[in-house]
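In: Please work out how this folds:
(2 chains)
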Amino acid sequence: MMETISGSLDEKVLVPRLRQRDELAFEEMVRAQMPRMLRVARRLLRSEEEARDAVQDAFVAAFRSIEAFEATSRLSTWLHRILVNACLMKLRAQRRRPEEDIENHLPRFLEDGHPAEPAAGWSESAQTMLERCELRGLVRRSIDELPEIYRAVLILRDLEELTTDEVAAILGTTANAVKIRLHRARQALRSILDPHLRAVLH
Amino acid sequence: MTMGRTMTLNCRDLIELIAAYSDDELDDATRAAFEHHLAHCRSCRAYLRSYLQTIELARTLPLSDCHCDAPEELVDAILRRRGAGARA
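Out: Numbering: from 1, shown residues only, chains lettered A, B, ... in the order given. Predicted coordinates:
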């Protein structure tokens, strides 16, 4: 079953207490949401220190702007939106070279719709592959090669297993845009992994 | 993509539909055309399998740092910053 980010918070009770600046309510929110928030930040950012900074900034910003929270969305989704934006801003500030166009990692086709290069299978199961330490590193590095907006969608949907609607709300886009970006991100990741995973068979 | 009463898909069409197929979002006619093409195309079968393996690799990838918790010092730092902001 798809996991959601709602956690065990009773938001109907918590939100009015947060709006009244209830210290204990803030602490409850931090403790309930922290593990998931920290995990997302660790996946998006490259160091533990940056991930902790982003989580800290996100909670403080959320508490300061709790009046701006609209009860039409979940508190947890709103918190994740603040966090993911903070992470993406950090990543953009650190970017040393322009991102590669995702099109470079997508399959190419001939005019008649046949692939320019036929696909070959990976004969090992994903589980067997992940038992190898070097392959886990390879998958992580390959995810890091994706352009940010595709990487964020892949991390939130496939690694964190949030729903399409949750990811759309966090990124401020439509469910359809999330589906398209996710498909492109998976295709690009497959293409980056392909030469390595074909090679390990021989 | 529709030819007469039966739909046919080429490799490019099939690869565009893989995500919808794996999420079981295709209508019956498109799904039948998808599976018909797949049955006859080795390259698309290989692509589909490695696409699904890619998702599984991502889904089951453990964090390099496995402390998926709420470190007490981080909770304290947030509460202190919040306290400082409230008093400011």
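In: Could you check what's spatially nearest to residue B:52, not counting adjacent residues?
Out: residue B:22 (6.4 Å; CB to CB, 6 or more residues apart in numbering or on different chains). For every residue, glycine as well, the C-beta is placed using N, CA and C.
In: ok, now residue A:169?
Out: Nearest one to residue A:169, counting by CB to CB, 6+ apart, is residue A:77 at 4.9 Å.
In: these two touch, right, that neighbour and residue A:166?
Out: Yes. Counting by CB atoms under 8 Å, residue A:166 is a contact partner of residue A:77 at 5.8 Å.
In: Which one's more surrounded, the two?
Out: residue A:166 (26 against 18; other CB atoms under 10 Å in any protein chain shown).
In: would the more buried one count as being in a helix?
Out: Yes. Assigned with DSSP: H, G, I helix; E, B strand; the rest coil, residue A:166 falls within a helix.
In: hang on, isn't it packed against residue A:73?
Out: No. With contact defined as CB under 8 Å, residue A:166 and residue A:73 do not form a contacting pair (9.6 Å).
In: Can you name the residue of chain A nearest chain B?
Out: In chain A, no residue comes nearer to chain B than residue A:113, which is 2.9 Å away by CB to the nearest CB.
In: Is there a neighbour count for that residue? I'd like the number.
Out: 13.
In: so it makes contact with residue B:8?
Out: No. The criterion here is CB under 8 Å, and residue A:113 misses it with residue B:8 at 10.1 Å.
In: Helices along chain A, start to end?
Out: A:11-19, A:23-44, A:48-64, A:75-94, A:126-130, A:133-144, A:148-154, A:164-171, A:175-199 (DSSP state H).
In: Least confident of the ones you listed, on average?
Out: For the helices of chain A, mean pLDDT drops lowest on helix A:126-130, to a mean of 73.
In: Can you list the buried residues in that helix?
Out: A:126, A:129, A:130 (16 or more other CB atoms under 10 Å in any protein chain shown).
In: Find the nearest non-adjacent residue to the first one, please.
Out: Closest residue in space to residue A:126, ignoring its immediate chain neighbours: residue B:56 at 3.7 Å, by CB to CB, 6+ apart.
In: For residue A:150, which non-adjacent residue is spatially closest?
Out: residue A:185 (3.9 Å).
In: quick one: contacts for that neighbour?
Out: A:102, A:146, A:150, A:151, A:153, A:154 (CB atoms under 8 Å, 6 or more residues apart in numbering or on different chains).
In: can you do 7 Å?
Out: By CB atoms under 7 Å, 6 or more residues apart in numbering or on different chains, the residues touching residue A:185 are A:146, A:150, A:151, A:153, A:154.
In: got it, and residue A:106?
Out: A:184, A:187, A:188.
In: That one and residue A:86, how far apart?
Out: Residue A:106 is 30 Å from residue A:86, where distance means CB to CB, to the nearest Å.
In: repeat for residue A:71
Out: 22 Å.
In: Looking at the two, which has the bigger crowd around it?
Out: residue A:86 (21 against 11).
In: Pretty sure the more buried one sits against residue A:58.
Out: Yes. If you go by CB atoms under 7 Å, residue A:86 and residue A:58 touch, sitting 5.3 Å apart.
In: relative to helix A:175-199, how tilted is the lengthiest helix in chain B?
Out: Looking across chain B with DSSP H, the single longest helix is helix B:42-59. With axes from the mean of the first three to the mean of the last three CA atoms, to 10 degrees applied, the angle from helix B:42-59 to helix A:175-199 works out at 100 degrees.
In: Give me the distance between helix B:42-59 and the centre of its chain.
Out: Relative to its parent chain, helix B:42-59 has a centroid offset of 11 Å by CA atoms, centre = their mean, to the nearest Å.
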